[in-house]
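[1] Following is a predicted model, sequence given first.
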Amino acid sequence: MAEPQHHVTPVSTYVYVFLALLVCTVLTYFAAKADFGLLNNFIAMAIAITKALLVLYFFMELRHSTRMTVLTAAAGFFWLFLMIGLFLMDYGTRMAVVLPVPGK
Amino acid sequence: MNSTPLVDGHAHGDGHRHPAHQFETMEQQKETSTLGMWLFLVTEIMFFGGLFTAYVIYRHMYPDAFAAASSTLDVKWGGINTAVLICSSLTMALAIRSAQVNWRKGILIFLSLTMLLGLTFLGIKAIEYRAKFVERHVPGDVLNEPFHFELENHHEAAVAQAQDPLYPRHAEIFFALYFIMTGVHATHMIIGILILAVLWHFSRKGKFDSEYYNPLEMTGLYWHFVDIVWIFLFPLLYLLGAHTH
Amino acid sequence: MDTIAARAPVTTTAETSFERPNYLNSSYGWKSWLLTLDHKRIAILYLISVTAFFALGGIFAGLVRLELLTPEGDLMGPDTYNRVFTMHGVIMVFFFLIPAIPAVLGNFLVPLMVGAKDLAMPRLNLASWYVYNLGGLFTLWAVVHGGVDTGWTFYTPFSTTYSNTYVIPTALGIFITGFSTIFTALNFIITIHRMRAPGLSWFRLPLFIWSTYATSLIIMLGTPVIAITILLVGIERGFHIGIFDPRLGGDPVLFEHMFWFYSHPAVYIMILPAMGVVSELVGHFARKKVFGYRIVAFASVAIAVLGFLVWGHHLFVAGESVYSATVFSVLSMLVAVPSAVKVFNWTATLYEGSISYQTPMLYALGFIGLFTIGGLTGVMVATLGIDVHVHDTYFVVAHFHYVMVGGTIMAYLGGLHYWWPKMTGRLYSTFLSRLSALLVFVGFNLTFFPQFILGYLGMPRRYWSYPPEFQVLNVLSTAGATVLGVGYLLPICYFGWSLRYGAKSGNNPWGAVSLEWDTPSPPPTENFYTTPVVTHGPYEYLAEDVHNRLTQEANFE
């Protein structure tokens, strides 16, 4: 990090990332067309997360950022997953209360 | 005096940039604005996060109605729009790169392309919205006509009815979330395009070069973030019913 | 600058402060205030706005207590009563408690305490004040036109479908004010990260900075969620789209989840800065390094993180799953750990300290006692079984007033008394200020302790009338509120008086050694004449400092 103002990325890197993102988009379409049952959700999200990481890492230059910046970005996404997870903790465990039958 | 969303640097008569009064060096100023921008993006993550969470919960509650409603969206337009946004992210990155290598004309070219692609995205979004208006898939009383949702395939309709007797109501929730999520996203796009227009104006005046291009970089972060939101919206909204319908 | 020089009281340079302009007299006129980028002036602007909203919220509180003086609804009907307590809650929570300490004391002190010339983004800081007032105007508009009757929690579907009051303007006001909070928090975080003076390492920062930092984290992560929630409520109400409406397949419990995901951490937004202020006061008035400095610092961060994991305890009786309720109950009790760590460490700091009972310290000691009661009853209501019994009763009302009023407002007033000479360069009446601290403490307990009993006996909250057997305790509570009101009015009077007639305080009337006192009072616009070099922690008092303090105190009296 001698001269952090000038991390000039070659155009080819950007183009490769761009192509990878396009391929992922096509891939996610065909993955959704096929029926993998519950797995469909995971595949779709895995591809979306991959694409997001590509954008974060190359376009948003996280690879040349300070640790503090990376930590900030990670904290944001972590908190989002925390929120979704704790919400699902409630909704995933909503079930009818079964009262014990007397005499059994 | 300050046209950019974050910290500016003043170009004085001697041609050198000086930091704003509260900073010691340009370096400190730049690092501070980068961290500030990322913190802002964290608030954006949580802002969209509230919507994503609501979406996840309702999809968990009404999976069949959501899949049925999702299948009425046009995957073709959604896919094209994804490509358009990815393309605009590329041009945005290239605009910043042009500044880094001091190619001032390049900044203008790539900023224009980015704006153009952003507008294309919004145009396609308008076509999609119009289709939904025609089909009366607009929830609530936004239109004069009430919301109407029915599966065309009678067999599918019967199955859906059996699984979820209230499925048209639950499809309405899907469309409510669809319009709000894409609407909030489109609002971010419009704001982004307006900021890009201001930056374009300033780059025409030659304000940005390899020594100072911080506002370009900050706007780039915002633009890419809006792209990431769409990367998640596309499979969640358009593709979730693709394998069953 | 060697250690001794950095620690010498600045009083020796008092003459220079008369010659050089300070931030108050460097420029004059309305424009110089309304367009200022100086964090100290913005803090003063915030002080004025926040005080106005506090007064308004206080008037509504007074109306509530007046109505509850008698069991019958003789002052107002149920509709009016609903509006009055709602406006009390909305104004106090969103326009006073959340911004009070960060926006007034934080704005003034963060750059001074980190040795910076200003916050990192001064324009954003000024924008924050304007945005705050804009949001306030929307809410005031709603108040003038008849207010809202949903309670400050805006529970759906009542707020989205059935209420006939001004929900959308109020919600819009809260939405807009959220931005001002975010602007302030963003400024604090980057300032604390990037603009610390040379030598000021993380563990040399005052504890107020640590707690402000933790608060800012909560604001950044939580506020956007309330923004989107309020937006959804507005859209649902405006366009009759059923997101939270059970008639349309929506789930009102989802609203409660989303609302409390922010609003529970919001109580830590209120209490954490207060804890920071108390850490400062305890350290400086016991003339000791705060016991377990690092633990207290990390406890702030722990509270911020754990505070995000407990919101479900507001939904115990709302239809949340039993499993989820159990988990949230356990997590809620965990927050008591870092909070208790702080209380124990303040107490340990006092042990063998050279304590002086100046007004700020009286407030701090009051805080510790009241916060302990508020916190312990918090553990009680976090317990599933007890909560089912006391939910929506005055027990809960008493509990959170002990934390918010007994905690936050005590600390806010304590901080204001402590840093008043720093902000204005003037002294206020020692006798009156001690009297007000006493009145606030006595009045507060008289107001809210009977409410614990009322709630435990089963008096529900948010009703305009009650059975006659509750009257004695309610009269006690209203009497206490009157004393409390006098206690709050007094500081406005003697602070106002001190602005014009108060004796000059000198640069460091308390003989404190932390960085903000290392510059003239009131400080110059650029805060420090030369960038300070920090060589020691904020509470490193030596025997000679204690001696200095005693001399200073003699002058002060």
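    Everything's here; your move.
[2] Tell me how many other residues surround residue C:442.
    Here the number of neighbours of residue C:442 (other C-beta atoms under 10 Å in any protein chain shown) works out to 15. Every residue, glycine included, has its C-beta placed from N, CA and C.
[3] Could you count how many residues lie near the nearest residue to it once chain neighbours are set aside?
    Among residues not flanking residue C:442 along the chain, residue C:483 sits closest, at 6.1 Å (C-beta to C-beta, 6 or more residues apart in numbering or on different chains). As a burial measure, residue C:483 scores 19 neighbours (other C-beta under 10 Å).
[4] Next one: residue C:483 from residue C:444, what distance?
    Residue C:483 is 8 Å from residue C:444, where distance means C-beta to C-beta, to the nearest Å.
[5] picking that back up, surely the residue nearest to residue C:442 meets residue C:439?
    Yes. With contact defined as C-beta atoms under 8 Å, residue C:483 counts as touching residue C:439 (5.7 Å).
[6] can you pull the contacts of the nearest residue in space to residue C:93 that is not next to it in sequence?
    In this structure, residue C:93 finds its nearest non-sequential neighbour in residue C:152, 5.5 Å apart by C-beta to C-beta, 6+ apart. For residue C:152, the contacting residues are C:86, C:89-90, C:93-94, by C-beta atoms under 8 Å, 6 or more residues apart in numbering or on different chains.
[7] Likewise for residue C:43?
    Contact analysis of residue C:43 by C-beta under 8 Å, 6+ apart lists C:103-105, C:107-108, C:423.
[8] quick one: which of the residues you listed is most hemmed in?
    Among the contacts of residue C:43, the one with the most neighbours (other C-beta under 10 Å) is residue C:107, at 29 neighbours.
[9] secondary structure element for that residue?
    Using DSSP states H and E, residue C:107 sits within helix C:107-114.
[10] How many residues are close by residue C:537?
    Neighbours of residue C:537 under the rule other C-beta under 10 Å: 18.
[11] picking that back up, got the contacts of residue C:152 as JSON lines, with secondary structure and neighbour count columns?
    Output for the contacts of residue C:152, formatted as JSON lines (DSSP: H, G, I helix; E, B strand; the rest coil; neighbours: other C-beta atoms under 10 Å in any protein chain shown):
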{"residue": "C:86", "secondary structure": "helix", "neighbour count": "25"}
{"residue": "C:89", "secondary structure": "helix", "neighbour count": "20"}
{"residue": "C:90", "secondary structure": "helix", "neighbour count": "26"}
{"residue": "C:93", "secondary structure": "helix", "neighbour count": "21"}
{"residue": "C:94", "secondary structure": "helix", "neighbour count": "26"}
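[12] Is it correct that residue A:33 is in contact with residue B:243?
    Yes. Residue A:33 is in contact with residue B:243 according to C-beta under 8 Å; the separation is 5.9 Å.
[13] and the two? which has more neighbours close in?
    Per other C-beta under 10 Å, whichever of residue A:33 and residue B:243 has more neighbours is residue B:243, with 16 against 12.
[14] tell me the SS of that one?
    At residue B:243 the chain is in coil, as set by DSSP: H, G, I helix; E, B strand; the rest coil.
[15] What are the phi and psi values at the nearest residue to it once chain neighbours are set aside?
    In space, residue B:243 comes closest to residue A:35 once its chain neighbours are excluded; the distance is 4.2 Å by C-beta to C-beta, 6+ apart. Residue A:35 adopts backbone torsions of phi -100, psi 110, taken as degrees, to the nearest 10.
[16] Sort out which residues of stretch C:199-210 are buried, please.
    C:200, C:204-210 (16 or more other C-beta atoms under 10 Å in any protein chain shown).
[17] Show the end-to-end separation of that stretch, please.
    In terms of C-alpha to C-alpha, to the nearest Å, the two terminal residues of stretch C:199-210 are separated by 17 Å.
[18] For that stretch, give the mean pLDDT please.
    Stretch C:199-210 shows an average pLDDT of 95 in the prediction.
[19] ok, now which ones touch residue C:444?
    Neighbouring residues of residue C:444 by C-beta under 8 Å, 6+ apart: C:366, C:370, C:405-406, C:410, C:480, C:484, C:487.
[20] who's in contact with stretch A:16-23?
    A:51, A:54-55, A:58-59, B:83, B:86-87, B:89-90.
[21] hmm, which two among those are most spread apart?
    Farthest pair in those (C-beta to C-beta) is A:58 and B:83. Separation: 17.4 Å.
[22] quick one: which of those two has more around it?
    Legend: neighbour count by other C-beta under 10 Å for residue A:58 and residue B:83, higher for residue A:58 (22 against 16).
[23] The closest residue to that one other than its chain neighbours: helix or strand, and which one exactly?
    Of all residues not flanking residue A:58 in the chain, residue A:17 sits nearest, at 4.5 Å (C-beta to C-beta, 6+ apart). Residue A:17 belongs to helix A:11-33 when assigned by DSSP H and E.
[24] again with residue C:283
    Per DSSP H and E: helix C:252-285 holds residue C:283.
[25] Following that helix in sequence, what is the next regular element?
    Next along from helix C:252-285, by DSSP H and E: helix C:293-306.
[26] quick check: mean pLDDT across that following helix?
    Helix C:293-306 comes out at a mean pLDDT of 96.
[27] who does it touch, helix- and strand-wise?
    helix C:207-239, helix C:252-285, helix C:322-350 (3 or more C-beta pairs under 8 Å, 6 or more residues apart in numbering or on different chains; DSSP states H and E).
[28] The longest one and chain B in contact?
    Read it as helix C:252-285. Yes. Residues of helix C:252-285 contacting chain B under C-beta under 8 Å from any C-beta of the partner chain: C:254, C:258, C:261.
[29] Redo the residues you listed as a markdown table? Include distance to residue C:284 and pLDDT.
    A markdown table is the format used below for those (distance: C-beta to C-beta, whole Å; pLDDT from 0 to 100):
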| residue | distance to residue C:284 | pLDDT |
| --- | --- | --- |
| C:254 | 47 | 95 |
| C:258 | 41 | 96 |
| C:261 | 36 | 96 |
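[30] Of those residues, which is the nearest to chain A?
    Closest approach to chain A among the residues of helix C:252-285 next to chain B (C-beta to the nearest C-beta): residue C:261, at 6.2 Å.
[31] Spit out the contact partners of the closest one.
    The contact partners of residue C:261, by C-beta under 8 Å, 6+ apart, come to A:83, B:50, C:222, C:225, C:308, C:311.
[32] For the residue nearest to residue C:442, give me its contacts.
    By C-beta under 8 Å, 6+ apart, the residues touching residue C:483 are C:439, C:442-443, C:446-447.
[33] Tell me the confidence at it?
    Listed pLDDT for residue C:483 reads 97.
[34] did I read that right, it in a helix?
    Yes. Counting by three-state DSSP, residue C:483 is located in a helix.
[35] how close does it sit to chain A?
    Residue C:483 sits 42 Å away from chain A, going by C-beta to the nearest C-beta, to the nearest Å.
[36] again with residue C:68
    Distance, residue C:68 to chain A, by C-beta to the nearest C-beta: 35 Å.
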